[in-house]
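J.: Sequence and predicted model, in that order:
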Protein chains: 2
Amino acid sequence: MNKRKMQAKQTKKRIIDCARELFVENGYYKVTVEDIIKKANSSKGGFYTHFKTKEELIIHMVPMVDEAYAEFSKSNKEYEDTIDKISSFINYVFVIMEKDIGLEFISAIYSSQIRDLTSQSFLIESDRMFYHVFNDLIEEGQRKGEITKDLSVKEIISIITTCIRGVIYDWCLQKGSFDIVSYGNNLISMMLNQIKLQK
Amino acid sequence: MNKRKMQAKQTKKRIIDCARELFVENGYYKVTVEDIIKKANSSKGGFYTHFKTKEELIIHMVPMVDEAYAEFSKSNKEYEDTIDKISSFINYVFVIMEKDIGLEFISAIYSSQIRDLTSQSFLIESDRMFYHVFNDLIEEGQRKGEITKDLSVKEIISIITTCIRGVIYDWCLQKGSFDIVSYGNNLISMMLNQIKLQK
DNA sequence: ATTTTATACAGACCGCGGTCTGTAAAATAC
DNA sequence: GTATTTTACAGACCGCGGTCTGTATAAAAT
């Protein structure tokens, strides 16, 4: 990596860091791109070489989530039963939403992801880790005869993610007025009942 | 109603009608407020006395949905079983989404509803008819012993609406690349299995 | 070493959503 | 009938997200 690219990388990092501080302090929509570049000693040109839109910045606000998922799934040995493992993982997802990301960021993310037909759907992409974790768990469950084989792994994953997104969307819609963790766990456990096999 | 208010009402209607035409023709985000007021022979001032934001216009694009719901629920006599009635109603909701409202409008609506913490949540309000229909059906189901009493009517309604919104949100996220009607029906029927009682 | 090309960035500029101020005419007060 | 208040609307204006053009300097080519 040469001098040019190193400096560019630093600038990008500086912008992200400054943006994070400002967002946390004032909220996403109150912070302007102007504010960010001023704080980061950059310019419009600089900003838009690194980011296509202001919204793209949000993605970089939550870079650790994937790692957190991976980490958690590795250490998710508390339960023997696969369904319990899945529940525990999903519980963790909701906890992250509430504690680490927070209502405002999630709202901004979920809103921007569907704004129009051209909006980049990083949510789908970023679900890769998500998918991996689920994929492994569900395959395991089917192998051990704890999860129905009437549905394919893919089908089960998409049903679960749809429900999770439904819970998160509702949480945003109601402005966080209910406990996402307990509500989410309840709803998901009902869904999981439908794919669970009795031993 | 006096002359003043009649004219105001006409202006508002003219704006809504022109907006609808332009939206259908070019898509919500390509149409500017300027375009709308020009076509409607109005002005910025006129527009913003009738609507708080451009997004508020979207609400008026789908004014018939509530009526359609009410209408449908009245004539929803095809099935004896309450669960079947509920399924049939929810199927109808998805059909309306796909056929009458369409992906782009729904995306814009769902996006705008959670943009920030101040955004007006007409989705919740407009669910009133929705709630009424469900309320009656679920009460009926519990009375007839077809639906569990382990959960309150309110709890059941919120679970179902969360799932419906999850399906719709996912449909927007995937840019309509799956059949919302059949996918939605499947997912909802799984959920309904959990509240159904065997006779 | 010199020329050519590429790129990170600066900053003027634009378009559009939304605000603010002014005004004509209708409604109301007297 | 005259004076006062209200309001639907007009249109100039503003702020912010995003684009476009220009430039200095590093990298590549010769």
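T.: It's in. Numbers count the residues shown, from 1 in each chain, chains lettered A, B, ... in the order given.
J.: In this model A:Gln194 seems to touch A:Ile156, though I could be wrong.
T.: No. Using CB atoms under 8 Å, A:Ile156 makes no contact with A:Gln194, being 9.7 Å away. Heads up, the C-betas are built off the backbone N, CA and C, glycines and all.
J.: The two - which one has more neighbours?
T.: Set A:Ile156 next to A:Gln194 and count neighbours by other CB atoms under 10 Å in any protein chain shown: A:Ile156 wins out with 24 against 18.
J.: Just the pLDDT at the more buried one, thanks.
T.: Listed pLDDT for A:Ile156 reads 96.
J.: And the pLDDT at A:Ile90?
T.: 94.
J.: Tell me the buried residues in stretch A:44-54?
T.: For stretch A:44-54, the neighbour count (16 or more other CB atoms under 10 Å in any protein chain shown) marks A:46-47, A:50-51, A:54 as buried.
J.: helix or strand right after the helix or strand hosting A:Leu137?
T.: Using DSSP states H and E, A:Leu137 maps to helix A:122-143. Next along the chain after helix A:122-143, taking DSSP H and E as the criterion, comes helix A:153-173.
J.: Output the lowest mean pLDDT helix or strand found in chain A.
T.: helix A:65-74 (a mean of 82; mean pLDDT, DSSP states H and E).
J.: now the angle between helix A:122-143 and it, please.
T.: 10 degrees (axes from the mean of the first three to the mean of the last three CA atoms, to 10 degrees).
J.: elements contacting helix A:65-74?
T.: helix A:82-96, helix A:122-143 (3 or more CB pairs under 8 Å, 6 or more residues apart in numbering or on different chains; DSSP states H and E).
J.: Which of those helices has the lowest mean pLDDT?
T.: Across the helices and strands packed on helix A:65-74, helix A:122-143 gives the lowest mean pLDDT, at a mean of 84.
J.: Could you tell me the angle between that one and helix A:82-96?
T.: Using the same axes, to 10 degrees: helix A:122-143 against helix A:82-96 is 160 degrees.
J.: For helix A:122-143, buried residues please.
T.: So for helix A:122-143, counting by 16+ other CB under 10 Å, buried means A:123-124, A:126-127, A:130-131, A:133-134, A:137-138, A:141-142.
J.: Could you pull up phi and psi at A:Lys196?
T.: phi -80, psi 140 (degrees, to the nearest 10).
J.: Return the residues of chain A in contact with DNA strand D.
T.: Within chain A, the positions near DNA strand D by CB under 7 Å from any atom of the strand are A:2-4, A:31-34, A:44-45, A:48, A:52-55.
J.: what helix or strand does A:His47 sit in?
T.: Slight slip there: residue A:47 is Phe, not His. helix A:44-50.
J.: Can you tell me what sits against that helix?
T.: With CB atoms under 8 Å, 6 or more residues apart in numbering or on different chains as the test, helix A:44-50 has contacts from A:8, A:11-12, A:15, A:33, A:36-37.
J.: Cross-check those residues against chain B and keep the overlap.
T.: Contacts with chain B are made by none of the contacts of helix A:44-50, judged by CB under 8 Å from any CB of the partner chain.
J.: Can you tell me which of those are classed as buried?
T.: A:11-12, A:15, A:33, A:36-37.
J.: These in helices, which ones?
T.: A:11-12, A:15, A:33, A:36-37 (DSSP state H).
J.: which one of those sits closest to A:Phe23?
T.: A:Ile36 (9.0 Å; CB to CB).
J.: ok, the residue nearest to the closest one when sequence neighbours are not counted - how many residues close by?
T.: In space, and not counting its chain neighbours, A:Ile36 is closest to A:Ala19: 4.9 Å by CB to CB, 6 or more residues apart in numbering or on different chains. Per other CB under 10 Å, the neighbour tally for A:Ala19 reads 25.
J.: secondary structure class for A:Ala19?
T.: Judged by DSSP: H, G, I helix; E, B strand; the rest coil, the three-state class of A:Ala19 is helix.
J.: how far does stretch A:42-61 stretch from start to finish?
T.: Stretch A:42-61 stretches 19 Å from its first residue to its last (CA to CA, to the nearest Å).
J.: what does stretch A:20-31 give?
T.: 10 Å.
J.: Touching the helix holding A:Leu137 from outside, list them.
T.: Contacts for helix A:122-143 (CB under 8 Å, 6+ apart): A:59, A:65-66, A:69-70, A:73, A:82-83, A:85-86, A:89, A:109-110, A:113, A:147-149, A:153, A:156-157, A:160-161, B:173-174.
J.: could you redo the last one with a cut-off of 7 Å?
T.: A:59, A:66, A:69-70, A:73, A:82-83, A:85-86, A:89, A:113, A:147, A:149, A:153, A:156-157, A:160-161, B:173 (CB atoms under 7 Å, 6 or more residues apart in numbering or on different chains).
J.: just stretch A:176-183 next, same as before
T.: So stretch A:176-183 is contacted by A:91, A:94-95, A:97-98, A:103, A:167, A:171 (CB under 7 Å, 6+ apart).
J.: Next: stretch A:151-167.
T.: Contacts for stretch A:151-167 (CB under 7 Å, 6+ apart): A:90, A:93, A:127, A:131, A:134-135, A:138-139, A:180, A:183-184, A:187-188, A:191, A:195, B:162-163, B:165-167, B:169-170, B:187.
J.: how does chain A divide into domains?
T.: A:3-57, A:62-195 (automatic domain parsing).
J.: What pLDDT does the model give A:Gln120?
T.: 68.
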